[in-house]
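1. Following is a predicted model, sequence given first.
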Amino acid sequence: MHQCVALASGGLQPPECRRLSMKLDSFAAEVRACRICVENPIGKPLPHEPRPVLRPSSSARILIASQAPGTKVHLSGMPFTDASGDRLRNWLGVTSDEFYDIEKFAIVPMGFCFPGQDAKGGDLPPRRECAPAWRAPLMALMPRIDLVLTIGIYAQSWHMGAARRPSLTETVMDWRAIWESSSGAKVLPLPHPSWRNSGWLKQNPWFEMDLLPFLRSEIRYRIG
């Protein structure tokens, strides 16, 4: 598969790569047409018209396993077109062009639609319908992924399973052990880059001093 991508970048694409890309495109179109959370919801239905937002890739090596779109992303239809995206790109040490290069990054949140807000104005958790319906087959169609950035507890629960620690802080703090114990694709846990976590960042300076330099090195290694 690595050779397929190398050839594709030069204008050639072997048949097996083309078939995989077409299959992923077709499946992603099904996801973008999904209305499970309205027509067959778990609990209360989505309070607005669904607009699934995701950018899967059959050639990217890095998966951003995020939480769910916010209000700005719901309007734009493009992931991380908000202040959280600015902070995340800074964490990764990448430009906007690099971040949205589908050959470099796949972006597949745990919930594809903006879930709405709670009484305090915070975003609700990702819809529970999305992951069981779509995530495993999407992952199977992205075979080149060898680094998964799990943003928040929902992504960490799905991608890390029993390796996730009792709290987000404990999970992110133990990132070195999690990295070393990853089988298959490497997993790196991150907090959500929301402005609401600014206090957490101040209370945990090791995140910017220790984890981010390592993260940026691994990102640059994979995207060139």
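-> That came in fine, so what should we check first? Residues are numbered from 1 along each chain as shown.
2. List the contacts of residue 195.
-> 83-84, 87 (CB atoms under 8 Å, 6 or more residues apart in numbering). Any C-beta I mention is one placed from the backbone N, CA and C, and that applies to glycine too.
3. May I ask which of those residues has the most neighbours?
-> The residue in the contacts of residue 195 with the most neighbours, by other CB atoms under 10 Å, is residue 84 (22 neighbours).
4. Can you give me the distance of that residue to residue 52?
-> Residue 84 is 18 Å from residue 52, where distance means CB to CB, to the nearest Å.
5. can you give me the strands in the chain?
-> Applying DSSP state E to the chain gives strands spanning 62-65, 105-107, 147-151, 186-190.
6. how about those, which one is nearest residue 17?
-> strand 105-107 (15.5 Å; CB to CB).
7. list the helices and strands the closest one packs on?
-> Counting contacts by 3 or more CB pairs under 8 Å, 6 or more residues apart in numbering; DSSP states H and E, strand 105-107 packs against strand 62-65.
8. Direction included, what does the strand it packs on pair up with?
-> The pairing partners recorded for strand 62-65 under DSSP bridges are strand 105-107 (parallel), strand 147-151 (parallel).
9. Out of these, flag the one nearest residue 116.
-> strand 147-151 (19.4 Å).
10. tell me which residues of that closest one are tucked away?
-> For strand 147-151, burial by neighbour count (16 or more other CB atoms under 10 Å) applies to 147-151.
11. Quickly name whichever of those residues is closest to residue 179.
-> Among the buried residues of strand 147-151, and counting by CB to CB, the member closest to residue 179 is residue 147, at 9.8 Å.
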